[in-house]
Every structure is written in structure tokens, then in C-alpha cells.
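Q: here are the coordinates; sequence isn't available:
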């Protein structure tokens, strides 16, 4: 169990006991993206020791937030994944990402970044109301690493999926440039001219990408309140 205990009969206190330990939220972030091997978790949690990761996973397993599974032969690998109870935290994580986004820049020197994390970041600013039906490919780059996603719009809002499927236009750019484009802080044409972004396929389709997110509206609202 967690080493944290707040002597209060309060649901928020209980939640903080479970996820308030250092690194725990980031372990949950990784598992929201899919089951992971122990070594995969360590690779994406730069600075965390194996001993501490073992302790945090044990506490989450004891609380029925995470479970350990073993893949059958010939893989025969042990993975960690969120339980149904664990996955129920996703809406709260989404709101924390939305709130934390205002403190994201400027980047802190030495910080690591994994392009896979973009799925949760984009999900946090995706529109939940009907949007134009389209599939736009997105390749987020960071040094030699990259991750591909499909941004799909429709009547139920915007969905972000791993991999690029049935996309007639694809944007390739670092994450900060992607945020500038979807937030309408910079135009797609200007980003391409500055050689900060590339488009394959239909540029007209990629230009519609901001319609699938609420980042521009949020920024306007924040500026109005200042």
C-alpha cells in the first residue's frame, strides 16, 4: 500500500493516497497508453530507480489499480496494465493535462520527451462535440524518435488513435509546432516555409486540423480573462 495517509474521511484524500506518491501519476500515464513491460516503464520514466518502480507498482496492484499479466508462449513476457478501476481515472488525467498545459512552456533544459505521450496531450484538447468528418495523419518527431497518429473527426467529436490509417493528408512536425498549428498560433504555410513542418498528401485537409481541437478557443478565452 501507499506510504501516504491523510487522517481525513474524504474521497479526495483517499485518491491522493493512491496516486499522490512521486512518479505514480506518470506510471499511470504510461499504462493509459497500453500495457508495458517493466523495462519499458523504466525507459520512459527517466530518473526513476528499479526499486522505486517496483514499490509503486506493488502499491498500485494492492489497490487494484494495476494488474500483472503474462503473455502466453512463445512471447512469455510479463506486462503491467490498468484494471477497469485504474482506467476510470482517465477523465481526471485529461483534465490535469488540460490544466497543466498552461505551465508546459518554456521547456526545462534536460527534460526528456517521448512522442507517444502526444496521444494523451492531444486527447486533452480534442473537441467532444460534433466536428467535420475527416481523418488526418500526424507524425510527431523528436530527434530520431517519432510517433504516428490518426486524428479522426465525426459526430461524437475528435478521437486520437495510434498509427496512421486511411488518411489523405499527413502533418509531420515536432510537438511544439503541432500545438502552434492546432492552436492557430502559426499557420500551416508559415510552419512549412520555416521548414518546421512537412505535409504529405492533401495540404487542404491538414489545414482543417485546428477544427478538431479546442486549443484556439481556450487561448482566446484565457486572453480575455487577463
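A: Cool, got the structure. What you see is a predicted model; the values in this text were computed from it and never measured.
Q: Contacts made by the top helix by length along the chain with the rest, please.
A: Scanning the chain for the longest helix, with DSSP state H as the assignment, gives helix 50-62. The set of residues external to helix 50-62 that reach it, using C-beta atoms under 8 Å, 6 or more residues apart in numbering, is 1-2, 18, 21, 23-24, 27-28, 38, 41-42, 45, 66-68, 80, 86. (C-beta placed from N, C-alpha, C; glycine too.)
Q: quick check, residue 148 in a strand?
A: Yes: remark: residue 148 belongs to a strand, assigned using DSSP: H, G, I helix; E, B strand; the rest coil.
Q: does it have beta-bridge partners, and which?
A: Judged by DSSP bridges, the bridge partners of residue 148 are residue 139.
Q: okay, and the helix or strand of this protein with the least pLDDT?
A: helix 215-225 (a mean of 65; mean pLDDT, DSSP states H and E).
Q: quick revisit: and the buried ones among the contacts of helix 50-62, selectable in PyMOL?
A: With 16 or more other C-beta atoms under 10 Å as the criterion, this PyMOL line picks the buried residues out of those:
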select buried, resi 2+18+21+23+24+27+28+38+41+45+66+67+80+86
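Q: ok so, going back, buried ones in the longest helix of the chain?
A: Buried residues in helix 50-62 (16+ other C-beta under 10 Å): 53, 56, 57, 59, 60.
Q: Repeat that for stretch 166-173.
A: Of all the residues in stretch 166-173, those buried under the rule 16+ other C-beta under 10 Å are 167, 169, 170, 171, 172, 173.
Q: Among the residues you listed, which one sits closest to residue 122?
A: Proximity of the buried residues of stretch 166-173 to residue 122 (C-beta to C-beta) peaks at residue 171, which lies at 11.9 Å.
Q: Can you check what pLDDT the model gives that closest one?
A: If you check residue 171, the pLDDT there is 98.
Q: re earlier: I'd like the buried residues of helix 50-62 laid out as a markdown table, including distance to residue 125 and pLDDT.
A: Output for those, formatted as a markdown table (distance: C-beta to C-beta, whole Å; pLDDT from 0 to 100):
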| residue | distance to residue 125 | pLDDT |
| --- | --- | --- |
| 53 | 29 | 97 |
| 56 | 28 | 96 |
| 57 | 30 | 97 |
| 59 | 31 | 95 |
| 60 | 27 | 96 |
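Q: I'd assumed residue 78 was in contact with residue 36.
A: No: contact between residue 36 and residue 78 fails when scored by C-beta atoms under 8 Å: they sit 10.4 Å apart.
Q: Comparing the two, which shows the higher neighbour count?
A: Set side by side, residue 36 and residue 78 show more neighbours around residue 36, with 18 against 11, by other C-beta atoms under 10 Å.
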